[in-house]
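Engineer: predicted model and sequence follow; I will ask about them next.
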Amino acid sequence: MAEMFSDEWMNGFKDRWNADPELAGALEKIGFKSTIAYGFEGEDDPRGFLRVENGHAVEAGSWTGQTVNWDLRATPENWKKWMSKPPGMMGLGIAYTSRKLKFNVGDYTAMIKDPRMAGPFIRSFAVMGS
């Protein structure tokens, strides 16, 4: 198994993202475009990134300085927990307010208030773990 957020892992995530209609399909409907970074709490830089155009992941890999719209951080243990049992809306809120999930870049409040984005965001945890 590839190391979490490595180049190989992120490219596998990209393929799973694009194959999931609840994720890519839902975000395509709203023309979602963003570059999302993923990493571990306490590290200066993210580990991996995913560039999304019109809901579909078009590029992924190890983070090498890309400008990002979102930078999500958590401990490796929490990432693994959420990948094996994705949080629901309440679990996500608890993770955010308890600082287990940190948004170093990006507006959690704006995203979670928009059901067109919140549902796919929650779905992304299940896709990560598949």
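Structural biologist: Done, it's in.

Engineer: mind picking out the helix or strand in this protein with the poorest mean pLDDT?
Structural biologist: helix 108-113 (a mean of 79; mean pLDDT, DSSP states H and E).

Engineer: give the buried residues for stretch 45-54.
Structural biologist: For stretch 45-54, a neighbour-count test (16 or more other C-beta atoms under 10 Å) marks 46-52 as buried. To be clear about C-beta, it is placed using only N, CA and C from the backbone, and glycine gets the same treatment.

Engineer: tell me where this structure has strands.
Structural biologist: In the chain, the strands defined using DSSP state E lie at 34-40, 48-53, 56-62, 70-74, 102-105.

Engineer: so where's the longest helix in the protein?
Structural biologist: Looking across the chain with DSSP state H, the single longest helix is helix 115-129.

Engineer: which strands or helices does that helix pack on?
Structural biologist: When contacts are defined as 3 or more C-beta pairs under 8 Å, 6 or more residues apart in numbering; DSSP states H and E, helix 115-129 sits against helix 7-19, helix 26-29, helix 76-84, helix 89-97, helix 108-113.

Engineer: before we move on, back to that, show me which residues of the least confident helix or strand of the chain are buried.
Structural biologist: Result for helix 108-113 [16+ other C-beta under 10 Å]: buried residues 108, 111-112.

Engineer: any chance of the residues you listed in JSON lines, with distance to residue 81 too?
Structural biologist: Formatted as JSON lines, the buried residues of helix 108-113 follow (distance: C-beta to C-beta, whole Å):
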{"residue": "108", "distance to residue 81": "19"}
{"residue": "111", "distance to residue 81": "21"}
{"residue": "112", "distance to residue 81": "20"}
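
Engineer: let me know the closest of the residues you listed to residue 128.
Structural biologist: Nearest to residue 128 among those: residue 111, at 16.8 Å, using C-beta to C-beta.

Engineer: which non-adjacent residue is nearest residue 116?
Structural biologist: residue 30 (4.9 Å; C-beta to C-beta, 6 or more residues apart in numbering).

Engineer: how many neighbours does that neighbour have?
Structural biologist: A count of neighbours around residue 30, defined by other C-beta atoms under 10 Å, yields 13.
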